[in-house]
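>>> could you work out the structure for the sequence below:
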Amino acid sequence: MAMTARPERNLNHYLRHIREAHTCCGRSLREVGEICDLDHSYVSLILEGKRFPTRDVLITLCLLGWYLDLPQTDEILLLMGYLPLGRSTRREAAAISKPFTSPTPAS
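As a prediction, the model looks like this:
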């Protein structure tokens, strides 16, 4: 599949958003890579604008790696020319982003 050219304005906004997301999450490149099952050097190349991740990888980075909420994730997806999260995907993402709590044993 051929890569489509991305408008410069959207690319700059996209890079600014993902760099800010990475800085705000407080995780190292290695930590983000490990959480998202990506090599840390690939994450670095994405942040430098030298690699453009697939939609699925970008969603994983946004939701799991950088703790972004759904509207922020949608904004980054749209800047990259991808469709925003659908309703079923939103439900799945909300379930993933909620902290796990173990069931309380019955008394």
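>>> pull the helix or strand with minimum mean pLDDT from the chain.
Using mean pLDDT, DSSP states H and E, the weakest-scoring helix or strand in the chain turns out to be helix 87-97, at a mean of 65.
>>> count residues in the vicinity of the residue nearest to I59 when sequence neighbours are not counted, would you?
Spatial nearest neighbour of I59, excluding adjacent residues (CB to CB, 6 or more residues apart in numbering): T73 at 6.4 Å. Where C-beta positions appear, they are placed from N, C-alpha and C, glycine not excepted. Using other CB atoms under 10 Å, the number of residues around T73 comes to 23.
>>> contact partners of the helix or strand containing T73?
Assigned by DSSP states H and E, T73 falls within helix 70-79. Residues outside helix 70-79 that contact it (CB atoms under 8 Å, 6 or more residues apart in numbering) are 10-11, 13-14, 17-18, 21, 55, 58-59, 62-63, 68, 83-85, 90, 93-94.
>>> just the buried subset of the residues you listed, written out for PyMOL, thanks.
The PyMOL selection below is limited to those of the contacts of helix 70-79 classed as buried (16 or more other CB atoms under 10 Å):
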select buried, resi 11+13+14+17+18+21+58+59+62+63+68+85+93
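>>> tell me where this structure has helices.
Taking DSSP state H as the criterion, the chain carries its helices at 8-25, 29-36, 40-47, 55-60, 70-79, 87-97.
>>> follow-up on the earlier one: how much does the helix holding T73 deviate in direction from helix 8-25?
Going by axes from the mean of the first three to the mean of the last three CA atoms, to 10 degrees, helix 70-79 is angled at 150 degrees with respect to helix 8-25.
>>> perfect, I'm done here.
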